[in-house]
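>>> Build me a structure from this.
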Amino acid sequence: MPMIKPELTSEIAYKALQRFFYQKPFVLFGTGTSCAVDRSFGMKALEEYLKKEIPAPSLTLKQTYEWDKVVAKLETRNDFESAMNEIKDQKLLNKVIDKTAEHVTNINRKVCFEIFTGKTNWSAIHIFKSLVDGLPETDRALHVATTNYDMLAEYAFANSEIPYITGFYGGVIRKLDWKKSERQVTYSEKIPSGRSKMVSVARIKKHIRFYKVHGSINTFEFNNQIIETDSSDQLVDGFQRIMITPGASKHEALHNYRTALLSEFDQAVRSHSAFLFLGFGFNDNQLLNNAIVDKLRVQNAHGLIITRDTNERIDALLKNSKNTWLVCKNENEESVRIFNCQYKDWLYLHNKEFWKFDEFAEEILGG
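Residues are numbered from 1 along each chain as shown. Sure thing, here's the model as predicted:
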């Protein structure tokens, strides 16, 4: 006889969501966090920008053929990842990367200082602040990753005085070295040793260890080194952007830059048994399949997805991941719904909107 699943109640859901945060999850956030600030960060806006900014007269016949196929797919399938698979020409791919960076940089420039000064709210910051404040003394790093290219999170962390490291150290030009980067969140404290002696010990601040796994608008390769710099929006000779765009070329790029972008990320994923996803659409099979999704499905790791809209990829994951919860918007109204496959059906909570990150923090985390 098939097991009869129990009803999901608000009391059960609230307790489960609150318990999840005791586990010090790995956090992975996507474009949904940026779109909550400005919808121009979304894929649809990027598609329109690329179609406008990659004019046919500047392309060779081969590039034109490939780009026409990209545009045709975008207009019929609305699948950016699949459409970008049509690009094989490296120079055309470089144009796409440069124009993508231009688009993201333009929006980033418009909103980043508003976030830094507190005029605009990066709504996920309340969840991050709660997680960092709750870090145990024995493990003072919150591991966080994003596929986003923008720097909204960095500005929000700075505005909230949350220390963070990205693996780079230095000044205007920063080099990649995680050990040296960690020194930026280390301080010295004097403690008693014996009756009258004081000794200095190294302490680590509570901080975010931040992995930008698809690169960033401020990450480049220069003189065979991976560097980070905020000094110039414009690409100059000798600087190669490190931004991993969707499509078949992404796999090769991730392989070429695996040590820089993914080695520390991979280690962090292996060491965690709970995963929080914020505004993340689960489009990236290369990033997820062999690590996080397997943990959720096979090892029954704990997961929580908070996003505005669900999709078929998320729905498929939920069916086979008994410890994964979804919080999203009700399809027909501005209210929240919650799902876990161990329960009979969705829980609908009317007059609640805590698929929005700041409202989730207030409702579930208490601030």
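>>> Confidence-wise, which helix or strand of this protein is lowest on average?
Least confident helix or strand, the chain: helix 249-256 with a mean of 56, by mean pLDDT, DSSP states H and E.
>>> For the helix or strand that comes right after it, list every residue counted as buried.
Moving toward the C-terminus from helix 249-256, the next helix or strand (DSSP states H and E) is helix 258-261. Residues of helix 258-261 classed as buried by neighbour count (16 or more other C-beta atoms under 10 Å): 260-261. Quick note: C-beta positions are derived from backbone N, CA and C, even for glycine.
>>> Now do stretch 345-365, average pLDDT.
In this model, stretch 345-365 has an average pLDDT of 94.
>>> Compute the first-to-last residue distance for that stretch.
End-to-end span of stretch 345-365 (C-alpha to C-alpha, to the nearest Å): 24 Å.
>>> What of stretch 321-341?
Using C-alpha to C-alpha, the gap from the first to the last residue of stretch 321-341 comes to 7 Å.
>>> for stretch 33-40, same thing?
12 Å.
>>> For Phe116, give me its contacts.
155-156, 158-159 (C-beta atoms under 8 Å, 6 or more residues apart in numbering).
>>> now do 6 Å
155, 158-159 (C-beta atoms under 6 Å, 6 or more residues apart in numbering).
>>> And it, how far from Tyr155?
4 Å (C-beta to C-beta, to the nearest Å).
>>> same thing with Ala72?
Counting by C-beta to C-beta, the gap from Ala72 to Tyr155 is 38 Å.
>>> again, but for Phe210
13 Å.
>>> for Phe29, same thing?
Applying C-beta to C-beta to Phe29 and Tyr155 gives a distance of 14 Å.
>>> More neighbours: which of these two?
Phe29 (24 against 21; other C-beta atoms under 10 Å).
>>> what pairs with the more buried one across the strands?
Assessed by DSSP bridges, Phe29 has beta-bridge partners Thr146, Leu278.
>>> Next one: it, what pLDDT does it get?
Reported pLDDT for Phe29: 96.
>>> go on, the one 4 residues further on?
pLDDT for Thr33: 95.
>>> which non-adjacent residue is nearest it?
Gly279 (4.3 Å; C-beta to C-beta, 6 or more residues apart in numbering).
>>> likewise His143?
Leaving out its chain neighbours, the residue that sits closest to His143 by C-beta to C-beta, 6+ apart is Ala268, at 4.3 Å.
>>> What helix or strand is that neighbour located in?
Using DSSP H and E, Ala268 falls within helix 263-270.
>>> What are the buried residues along that helix?
Neighbour-count burial for helix 263-270 flags 264-265, 268-269 (criterion: 16+ other C-beta under 10 Å).
>>> okay if I get those as CSV plus distance to Asn323 and pLDDT?
Converted to CSV, the buried residues of helix 263-270 look like this (distance: C-beta to C-beta, whole Å; pLDDT from 0 to 100):
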residue, distance to Asn323, pLDDT
Glu264, 26, 91
Phe265, 22, 92
Ala268, 19, 93
Val269, 16, 93
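>>> still on that earlier bit, what about the helix holding Ala268, distance to the chain center?
Offset of helix 263-270 from its chain centre (C-alpha atoms, centre = their mean, to the nearest Å): 14 Å.
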